[in-house]
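Quick one, fold the following:
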Amino acid sequence: MVNAANPAGVWAPFGAFSMVVVQGDGQIVHLKGQVSLDQQGQIVGHNDMRAQVRKSLENIRDVLATMGGQMTDVLSLVHYATDVDEFMRASDIRKEFFAAPYPVTTTVQVERLYRPELMIEITAIAEIPRSRFRSPQPRD
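Presented below is the predicted three-dimensional model:
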């Protein structure tokens with residue numbers, strides 16, 4: 001059974017998607033692609049790939065934390081970047097969030113994201129140990 005949720009503490013989805021999908025009995029967690037939005041849905045880091053990478057990874061960290069997860073639980077990432085060269089220059093920021101063994105990653109250059117000011121979207125799959133896992137609490 002797959003359960004979907006939009007947890008409190010992060011920006012609210014505005015379309016036909018969930019912020020997080022939990023597969024099975026709660027260990028495998030699929031996160032919606034995260035972009036550089038704050039809790040009010042405002043873009044952080046206009047025209048600044050480094051700031052947008054940082055905020056997108058912070059959003060992944062914050063969504064995982066609502067379920068007892070940590071960045072060390074991330075197994076896989078997919079990066080959708082509007083400029084791969086700019087994204088690669090921000091690779092040091094990833095090391096602030098991840099340590100070896102690093103998650104598997106795929107990076108794809110796209111023409112644009114759903115809002116033209118956005119430069120990066122990052123999806124993640126994580127496995128949260130049952131001993132830490134908490135079901136996501138819905139937004140009020």
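
now the strands for the protein?
Applying DSSP state E to the chain gives strands spanning 2-5, 20-23, 28-34, 74-81, 104-109, 120-127.

most tightly surrounded among those strands?
strand 120-127 (a mean of 22; mean count of other C-beta atoms under 10 Å). Where you see a C-beta, it was placed from the backbone N, CA and C, and this is true even at glycine.

Contacts for it next, please.
27-36, 49, 52-53, 56-57, 60, 64, 69, 73-82, 87, 103, 113 (C-beta atoms under 8 Å, 6 or more residues apart in numbering).

for the chain, what are the low-confidence residue spans?
1-4, 15-17, 21-26, 140 (pLDDT under 70).

At the geometric centre of it, which residue sits there?
Centroid-nearest residue in the chain: residue 60, 3.4 Å away (criterion: C-alpha atoms, centre = their mean).

hang on, isn't that one packed against residue 34?
Yes: contact criterion C-beta atoms under 8 Å: residue 60 and residue 34 qualify, at 5.1 Å.

for the chain, which helix is longest?
Of all segments of type helix in the chain, defined using DSSP state H, the longest is helix 49-65.

other SSEs contacting it?
Using 3 or more C-beta pairs under 8 Å, 6 or more residues apart in numbering; DSSP states H and E, the elements in contact with helix 49-65 are strand 28-34, strand 74-81, helix 84-88, helix 91-97, strand 120-127.

so what strands line up beside the last one?
Read it as strand 120-127. strand 28-34 (antiparallel), strand 74-81 (antiparallel) (DSSP bridges).

hmm, back to that, next up, the contacts around the residue nearest to the centre of the chain.
Per C-beta under 8 Å, 6+ apart, neighbours of residue 60: 31, 34, 71, 74, 97, 122, 124.
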